[in-house]
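>>> take a look and give me a structure for this.
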Amino acid sequence: MKKKIIIDHYLDLRGLVCPINFVKCCLALETLSLNQVLKVDLDLGEAEISVIEGLKEKGYKVDILKKDSQMVSLMITSE
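The predicted structure is shown next:
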């Protein structure tokens, strides 16, 4: 049986340029408690790559929930 994921905070950062989307993710994550989940929608390309790599470097767990031809949805949690 799959565990239901509860999204504690959501950001739609499509259309924003780097590094603004990365900074907004970091600020949102600072307000969350341990084991809470941040869902983020981003444009593909530079935004996707910089946010995923930057958050992983900061010690966050980043999973791709959905990806299509225009955007990616990420689930981010503290490790």
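>>> list the contacts of residue 20.
Contact partners of residue 20, counting by C-beta atoms under 8 Å, 6 or more residues apart in numbering, are residue 13. Bear in mind the C-beta positions are built from the backbone N, C-alpha and C, glycine included.
>>> scratch that, residue 29 is what I was asking about
Taking C-beta under 8 Å, 6+ apart as the test, what residue 29 contacts is 38, 55, 60, 76, 78.
>>> ok, residue 35 next?
77-78.
>>> wasn't it part of a strand?
No: counting by DSSP: H, G, I helix; E, B strand; the rest coil, residue 35 is located in no strand; its state is coil.
>>> mind putting the contacts of residue 29 into JSON lines with distance to residue 17, neighbour count and secondary structure?
Formatted as JSON lines, the contacts of residue 29 follow (distance: C-beta to C-beta, whole Å; neighbours: other C-beta atoms under 10 Å; DSSP: H, G, I helix; E, B strand; the rest coil):
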{"residue": "38", "distance to residue 17": "20", "neighbour count": "22", "secondary structure": "strand"}
{"residue": "55", "distance to residue 17": "17", "neighbour count": "20", "secondary structure": "helix"}
{"residue": "60", "distance to residue 17": "21", "neighbour count": "18", "secondary structure": "strand"}
{"residue": "76", "distance to residue 17": "19", "neighbour count": "23", "secondary structure": "strand"}
{"residue": "78", "distance to residue 17": "26", "neighbour count": "15", "secondary structure": "strand"}
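>>> each with direction, which strands does the one helix or strand residue 40 maps to pair with?
According to DSSP states H and E, residue 40 maps onto strand 38-43. Strand 38-43 sits in its sheet next to strand 9-12 (parallel), strand 71-78 (antiparallel), going by DSSP bridges.
>>> that strand: which residues count as buried?
Buried residues in strand 38-43, defined by neighbour count with 16 or more other C-beta atoms under 10 Å: 38-43.
>>> mind checking how far it is from the chain centre?
Distance, stretch centre to chain centre, for strand 38-43: 5 Å (C-alpha atoms, centre = their mean, to the nearest Å).
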